[in-house]
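> Here's my sequence, what's the structure:
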Amino acid sequence: METKAEILTQVDQYLQLYPDKKEDLRSFIDFVNRFDGAQLFDRKNFTGHLTASAFIIHPNGDELLLLRHKFLNRWLQPGGHIDVSDANLMAAALREAEEETGISAKNLLPVTCNIFDFDGHHIPENTRKHELPHMHHDCRFLFTCTELPDINLAADESTDSKWISFAALKNDAEFAEVTERIKAVLKTNPVNSSI
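Got it, this is the predicted structure:
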């Protein structure tokens, strides 16, 4: 897994591309500066912890895969907690994508080598899992499918899935900005090209 210094280097690389996002990343940077090692990823750290997720682009190049999250009851990209066995943040996002969608990792091609986006969001208390309310500091990666997959949902994670066009997300509060950035990245890193 990446060290604190390596994660902060990735933040710097992101901010070189998107300098206007510095204030948006303040909470993320403060969290990473406050904790170290396993505390960054420990799901029992109820101050918060890092998570990893995957935006998956349809082979046609203009749709995203979204899953209906069972606990949060929201449409989200696949993702979740980081395991100690994950080699790095991208590997965690890829593992989560495979576990939650059934899409083989060999059919998910990274569009970029770096973290594509960051997001901080509040997770409510989950009494069933004995988890207090906390923050997820999500590191989001961008992948494309190399072929149209069958989706096999992890029933304990999601209740439904859908491919939704970038156009349909144009006015969506959660995904509008992300899809605009995906379109811009795809202009310089076309779908199904190697990185």
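> tell me the mean pLDDT for the longest strand seen in the chain?
As assigned by DSSP state E, the longest strand anywhere in the chain is strand 134-145. The pLDDT scores in strand 134-145 average 97.
> What of stretch 168-180?
95.
> element containing the most centrally placed residue in the chain, please.
By CA atoms, centre = their mean, the chain has its centre lying nearest to residue 53, at 2.2 Å. Residue 53 is part of strand 49-57 when elements are defined by DSSP states H and E.
> Give the next helix or strand downstream of that strand.
strand 63-69.
> got the contact list for residue 86?
1, 52, 92, 95 (CB atoms under 8 Å, 6 or more residues apart in numbering). Heads up, the C-betas are built off the backbone N, CA and C, glycines and all.
> Quick one: which of those is the most crowded by neighbours?
residue 52 (28 neighbours; other CB atoms under 10 Å).
> In contact with that one: list those residues for me.
79-80, 82, 86, 89-90, 92-93, 96, 138-141.
> swap the cut-off to 6 Å and go again
79, 82, 89, 92-93, 139 (CB atoms under 6 Å, 6 or more residues apart in numbering).
> And residue 130, by the same measure?
Taking CB under 6 Å, 6+ apart as the definition, residue 130 has no contacts.
> what about 10 Å?
By CB atoms under 10 Å, 6 or more residues apart in numbering, the residues touching residue 130 are residue 44.
> any idea how far it is from residue 140?
Residue 130 is 27 Å from residue 140, where distance means CB to CB, to the nearest Å.
> before we move on, back to that, show me what the helix or strand following the longest strand of the chain is packed against.
As assigned by DSSP H and E, the chain's next helix or strand after strand 134-145 is strand 158-165. Contacts defined by 3 or more CB pairs under 10 Å, 6 or more residues apart in numbering; DSSP states H and E place strand 158-165 against strand 63-69, strand 75-76, helix 89-101.
> tilt between strand 158-165 and strand 49-57?
50 degrees (axes from the mean of the first three to the mean of the last three CA atoms, to 10 degrees).
> who does the helix or strand following strand 158-165 touch, helix- and strand-wise?
Next in sequence after strand 158-165, counting helices and strands by DSSP H and E, comes helix 176-188. Contact here means 3+ CB pairs under 10 Å, 6+ apart; on that basis helix 176-188 packs against strand 49-57, strand 63-69, strand 117-123, strand 134-145.
> Please work out which of these is packed deepest.
strand 49-57 (a mean of 25; mean count of other CB atoms under 10 Å).
> taking the mean pLDDT, what do you get for it?
Throughout strand 49-57, pLDDT has a mean value of 98.
> From the chain's centroid, how far away is that strand?
Remark: strand 49-57 is offset 1 Å from the chain centroid, using CA atoms, centre = their mean, to the nearest Å.
> What angle do strand 117-123 and it make with each other?
Using the same axes, to 10 degrees: strand 49-57 against strand 117-123 is 120 degrees.
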